[in-house]
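K.L.:
With the input below, show me the fold.
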Amino acid sequence: MITGYNTDVRHEEVVFHVQTEDKGAANPFIESLVYVGGQVLASKRANYADLLAEGRDEKEIIALMDQQHRTMIAAIRHGKFDAKLAALGRPKTSPMPVLEAVPAGGDGSLPLSVAGAGGGSGASPAAGGSNRVPTPRGMPIPPPPGERTLDQVILEYLTNEAAQEQLVLVLESEADLGLGRRASLALRTSSSKSGLPIAGAQVSVRMISTIAEPRVLAVGRTDEHGGVPLRFEIPALDRGTAALIISAVSAIGRAELKHLL
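P.N.:
Reported below is the predicted structural model:
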């Protein structure tokens, strides 16, 4: 079993907690849970039994975990779970009706139609009294017959997203990456669904830093085996911090790796 990820994400003053973990070879699933205030807001599962059957190593599983974890974080930041969060914030039972204000009578008393349900002859509308029926407010309106609920829509969205094919980018080997050094990387792309290599994916390496504009250090395309070697120089910096952003783009999507220098 591979060590999982835990990340807190703040979105519109709400802190979401994203947890992604491997269920192990006996139960080959990657599961991501999104919590708010200790309550599960959403979940996503991906089966990697096919990767095990093909003899893929742990790097493949880690890449899949990383991709799914980042997908859930991106979904939070793009507001995908805002409606679900709002639905969970509603009362568990129907709220009490809110009565409209009813004007008092000339002596300051309430009309009997409101103050007393039984006896007495309250003032009639013609006599200037009020027999208005209290109006309930805030009562939930049930969806029309046959229309899906919000929970069903969100569950369908998450299920469809989990079944979609995604690009997996793996760093097969690396030199000692550091500022002012020459680097040599071996990268490979594959499909999260079939595990097959993705040929023709464009892979690029960019360097970002706190003191300079981002710069592209290397670009290449994967071969028929999904692999691409990249060699480049990492510029030196006299101050600040920097990182490498390794990106891959293909017809089935985009994947990204980060390395702090």
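K.L.:
next structured bit after the helix or strand that contains residue 187?
P.N.:
Assigned by DSSP states H and E, residue 187 belongs to strand 182-191. Using DSSP H and E, the helix or strand that follows strand 182-191 in sequence is strand 202-209.
K.L.:
can you tell me which residues contact the closest residue to residue 215 other than its chain neighbours?
P.N.:
Using CB to CB, 6 or more residues apart in numbering and skipping the chain neighbours, the partner closest in space to residue 215 is residue 207 (5.4 Å). Yep, even glycine has a C-beta here, placed from its N, CA and C like the rest. Residues near residue 207 by CB atoms under 8 Å, 6 or more residues apart in numbering: 214, 215, 217, 234, 235, 242, 243, 244, 245, 261.
K.L.:
okay, the fifth one: pLDDT?
P.N.:
pLDDT recorded at residue 235 is 90.
K.L.:
surely it meets residue 215?
P.N.:
Yes: with contact defined as CB atoms under 8 Å, residue 235 and residue 215 form a contacting pair (7.5 Å).
K.L.:
of those two, who's got more company?
P.N.:
Here residue 235 and residue 215 are compared on neighbour count by other CB atoms under 10 Å; more neighbours surround residue 235, at 15 against 11.
K.L.:
how about the contacts of residue 207, which pair is most distant?
P.N.:
Within these, 235 and 245 form the most distant pair, 14.4 Å apart (CB to CB).
K.L.:
OK, contacts around residue 28?
P.N.:
Neighbours of residue 28 in contact, by CB under 8 Å, 6+ apart: 47, 48, 49, 51, 52.
K.L.:
Restricted to helices, list these.
P.N.:
Among those, the members found in helices (DSSP state H) are 49, 51, 52.
K.L.:
From these, pick the one nearest residue 79.
P.N.:
Taking the ones in helices among the contacts of residue 28 together and measuring to residue 79 by CB to CB, the closest member is residue 51, at 31.7 Å.
K.L.:
now that closest one: how far from residue 186?
P.N.:
Here the criterion is CB to CB, to the nearest Å. By it, residue 51 lies 19 Å from residue 186.
K.L.:
Same drill for those two, tell me which one is more crowded.
P.N.:
The residue with more neighbours, out of residue 51 and residue 186, is residue 51; 20 against 14, by other CB under 10 Å.
K.L.:
give me every residue that touches the more buried one.
P.N.:
Counting by CB under 8 Å, 6+ apart, residue 51 has contacts 28, 60, 61, 64, 195.
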